[in-house]
Every structure is written in C-alpha cells, then in structure tokens.
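1. model the structure of this input:
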Amino acid sequence: MIDNRLAPYGAFALRAASGALFLAHAGLKLFVFTPAGTAQFFESVGVPGPVAYLTILAEVIGGTALLLGVYTRQAAAVLIAVLLGAIFSVHLGNGFFFNASNGGWEYPAFWIVALAAQMLIGEGAFALKPTAALDTRTAAVAV
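-> Sure, this is the predicted structure:
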C-alpha cells in the first residue's frame, strides 16, 4: 500500500538524487575528462565525437530539470535514452559489474529503472513545475 502522505517526499528524494548524480556525471565529463577528452573517448568506442557534447548537454539540462522538478517526466525520458546509448555503445560488452574496465552495465541499468519509476510517479514534493497526476480511473489501456 502506498502512503499518500509520504510518497511525494519519496518521489522528491529520488528526483533530487538522480538530478544531482547527473550533474556530477556531467561535471566529470566537463572538468575531469574535459569535453574534448570525452569526445575522444566516444570516438574510441565507435560513437561520433559530437555525440559527447550532446550527452554532456543532456546530462546538464536533464539533471537540472530533475533537481528543480521542471519537466521531470520528459527529462527522465531523455536521460533514459542517453543511458541506453551508454549501455549499448560502451558498457554492455564489459560485463555486468560496473567495476569492470570502462564499467559494466549494472549502474546505468539501475539508473534507467530509477528514471522509469520517476516517470511513473511524477516529480513529487518541492517541484518548481508540478504536473497533473494521471487519473488511472479514466486511463485507457491498449490490448
């Protein structure tokens, strides 16, 4: 049973943690690896270098949107696409565990599930742009 009194705070915690982690992840690419170094790494694994800049941009904008609670569901959807790209271009061939060289797919896969949950539950408390809740009594399900 969902506790409707506390669920918005759980959604907020998930949203804030995901947003902060995406900003940290982008910061790693910006300040440690540098954008040029990130582009070079992308090219080394067969991904066009300019995709690195788009990835950094998506992580900064998406992470900020999540952190602030602005277009939360849309930001989560875009970031899921980024993570799927990361899994299939870099991590899948490295095994499951993320401590493998160039990281396995365990962490990005978990992050996808967390973002999918965020999409389903919405932004939660303290959002700057809350969205209307889905009315499941009138939602149609295609069979």
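2. all strands for this protein, in order.
-> Shown for the chain, no strands are assigned by DSSP state E.
3. now the helices for it?
-> 7-27, 35-44, 50-68, 72-86, 106-121 (DSSP state H).
4. quick one: closest of those to Phe97.
-> helix 106-121 (5.7 Å; CB to CB). C-beta: built from backbone N, CA, C; applies to glycine.
5. which residues of the protein score low on pLDDT?
-> 133-143 (pLDDT under 70).
6. tell me which of the helices of the chain lies nearest to Leu128.
-> helix 50-68 (4.9 Å).
7. wait, doesn't Ser89 sit right on Val47?
-> Yes. The pair Ser89 / Val47 is scored as a contact, 5.0 Å apart, by CB atoms under 8 Å.
8. neighbour count winner among the two?
-> More crowded of Ser89 and Val47, by other CB atoms under 10 Å: Val47, with 18 against 14.
9. which ones are touching Leu71?
-> No Leu there; residue 71 is Tyr. By CB atoms under 8 Å, 6 or more residues apart in numbering, the contact list for Tyr71 reads 65, 129.
10. could you check how far the nearest residue to Lys29 once chain neighbours are set aside is from Trp105?
-> Distance criterion CB to CB, 6 or more residues apart in numbering; nearest residue to Lys29, sequence neighbours excluded, is Thr38 at 4.5 Å. From Thr38 across to Trp105, the span is 19 Å (CB to CB, to the nearest Å).
11. show the end-to-end separation of stretch 20-34, please.
-> Stretch 20-34 has an end-to-end distance of 19 Å (criterion: CA to CA, to the nearest Å).
12. follow-up on the earlier one: can I get the helices of the chain in CSV including distance to Thr131 and mean neighbour count?
-> Listed next are the helices of the chain as CSV, based on distance: least, CB to CB, whole Å; neighbours: other CB atoms under 10 Å:
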stretch, distance to Thr131, mean neighbour count
helix 7-27, 12, 18
helix 35-44, 32, 16
helix 50-68, 12, 19
helix 72-86, 7, 20
helix 106-121, 11, 17
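13. Gly93 is nearest to which of those helices?
-> Closest among those, using CB to CB: helix 72-86, at 12.1 Å.
14. how about residues contacting the closest one?
-> Contacts for helix 72-86 (CB under 8 Å, 6+ apart): 15, 18, 22, 47, 51, 55, 58-59, 61-63, 65-66, 108, 111-112, 115-116, 118-119, 122-123, 127, 131.
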